[in-house]
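Asker: Give me coordinates for this.
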Amino acid sequence: MPSPSASNASARNREPKSWLTRYIGVQRRYDAEIERMLREAEADVDTKIRSIMNKPGIGAKVRRTQLVGTRGVLHRTIASLWRAMGELIQAGRRDAAAAAIAQSLDWDDVLLRKVLPSKDRAELRASLLATSDRNIESVVARITRSKLTLSAQVYRTRALSLGWVDRAVNSGLARGDSADDIAKTVRGFINPDTPGGVSYAAKRLARTEINNAYHAVTIEHASDKPWITGMVWRLSKSHPRPDVCDRLAAASPYPAGEVPPKGHPQCLCTVYPDTVTADEFERQYRLGTYDGWLSEQTGTSARLIA
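Answerer: Next comes the predicted model:
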């Protein structure tokens with residue numbers, strides 16, 4: 001049994017920014033992957049438009065037919081991008097869930113190491129991480145209070161991006177733009193370095209959905225732990241001016257099962273658990289208060305340690 005050397009402090013006295021740090025690591029990985037996908041789609045659009053326009057033919061009628069044909073090419077390219085984006089966001093949500101559980105376990109370890117040897121803590125960690133990607137859709141829906149599935153969110157954003165592309169092509173046709181002009185306009189919607197358009201919509205949706213998964217799994221994972229007294233809302237420093245998140249932070253801590261959803265898309269606020277003190281945790285553990293929860297997580301009927 002380990003020496004009872006854990007600090008006699010509640011979670012509020014520990015550094016909460018680690019919750020954001022863990023999430024930011026996930027977001028950066030997926031931001032890079034989204035940028036790669038957008039650049040590939042941008043190049044694909046350019047290549048396909050030029051291919052159509054280089055086909056033999058003379059006269060305004062042929063040229064207009066070629067330009068109209070670009071619309072179908074663009075639709076297929078954008079649709080392919082969004083199919084891949086949906087799969088990427090799903091993977092990001094799984095990774096965010098695993099990161100949330102890992103962070104939660106690191107936070108709990110301050111308490112658990114006072115009563116459990118490292119072997120049993122590792123067993124508990126492995127058991128919880130194994131379930132990290134289960135039912136993410138339902139957990140996110142419950143916490144965000146949204147009836148829209150991820151696939152519906154992706155489809156809706158895809159339709160919006162196709163509308164932008166259609167307007168760009170229609171405007172180009174009306175002005176008599178060249179293929180180069182149309183290609184340049186559409187590339188601008190997709191280029192990750194250009195503000196707005198498809199690139200912004202893709203980043204916004206991915207960041208929001210991945211962050212929602214991290215937020216939801218953090219809350220779900222804390223909701224039934226008997227040593228957690230509430231959840232603290234930590235306001236992100238990225239807010240340029242007061243908004244709904246200031247009110248959410250001011251109203252915390254919340255009961256673990258009553259934490260509000262994120263206040264807006266791409267919100268970088270985090271929540272973290274407030275716990276009993278290490279000494280109180282050890283006392284309750286000796287009384288058997290936590291036996292039920294620990295047994296349920298490890299699939300055993302007995303306490304992990306006598």
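Asker: okay, stretch 258-278 in CSV with CA atoms only?
Answerer: What follows is stretch 258-278 as a C-alpha-only set of coordinates in CSV (Å, rounded to 0.1, in the frame of the first residue of the first chain):
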residue,chain,number,x,y,z
GLU,A,258,-26.3,19.8,-14.1
VAL,A,259,-23.5,21.4,-15.9
PRO,A,260,-24.7,23.6,-18.8
PRO,A,261,-23.6,23.0,-22.4
LYS,A,262,-21.1,25.3,-24.0
GLY,A,263,-22.3,28.8,-24.5
HIS,A,264,-21.3,29.2,-28.1
PRO,A,265,-19.4,27.5,-31.0
GLN,A,266,-15.6,27.1,-30.6
CYS,A,267,-15.8,27.9,-26.9
LEU,A,268,-12.5,27.2,-25.1
CYS,A,269,-13.9,27.4,-21.6
THR,A,270,-13.4,24.2,-19.6
VAL,A,271,-15.0,22.5,-16.6
TYR,A,272,-13.1,20.6,-14.0
PRO,A,273,-14.2,18.6,-10.8
ASP,A,274,-14.1,20.0,-7.3
THR,A,275,-13.4,17.1,-4.9
VAL,A,276,-13.4,16.3,-1.2
THR,A,277,-10.0,16.8,0.5
ALA,A,278,-7.5,14.0,0.4
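Asker: Enumerate the positions of that stretch that are buried.
Answerer: 259-263, 267-278 (16 or more other C-beta atoms under 10 Å). (Glycine included, C-beta is placed from N, CA and C.)
Asker: Stretch 220-231 too?
Answerer: Within stretch 220-231, the residues that qualify as buried by neighbour count (16+ other C-beta under 10 Å) are 220-223, 225, 227-231.
Asker: wait, which of the residues you listed is closest to residue 93?
Answerer: Lowest distance from residue 93 to the buried residues of stretch 220-231 (C-beta to C-beta) belongs to residue 220, with 12.9 Å.
Asker: How about the contacts made by the closest residue to the closest one other than its chain neighbours?
Answerer: With sequence-adjacent residues excluded and distances taken as C-beta to C-beta, 6 or more residues apart in numbering, residue 220 is closest to residue 139, at 5.0 Å. When contacts are counted by C-beta atoms under 8 Å, 6 or more residues apart in numbering, residue 139 touches 97, 213, 216-217, 220.
Asker: Make a markdown table from the buried residues of stretch 220-231 and add secondary structure to it.
Answerer: Shown next, in a markdown table, are these (DSSP: H, G, I helix; E, B strand; the rest coil):
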| residue | secondary structure |
| --- | --- |
| 220 | helix |
| 221 | helix |
| 222 | helix |
| 223 | coil |
| 225 | coil |
| 227 | coil |
| 228 | strand |
| 229 | strand |
| 230 | strand |
| 231 | strand |
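Asker: Could you identify the buried members of the contacts of residue 139?
Answerer: Buried members of the contacts of residue 139, scored by 16+ other C-beta under 10 Å, are 97, 213, 216-217, 220.
Asker: Max pairwise distance over these: which two?
Answerer: Maximum pairwise distance in the buried ones among the contacts of residue 139, criterion C-beta to C-beta, is 10.2 Å, between 213 and 220.
Asker: ok, now which ones touch residue 206?
Answerer: 30-31, 34, 85, 88-89, 92.
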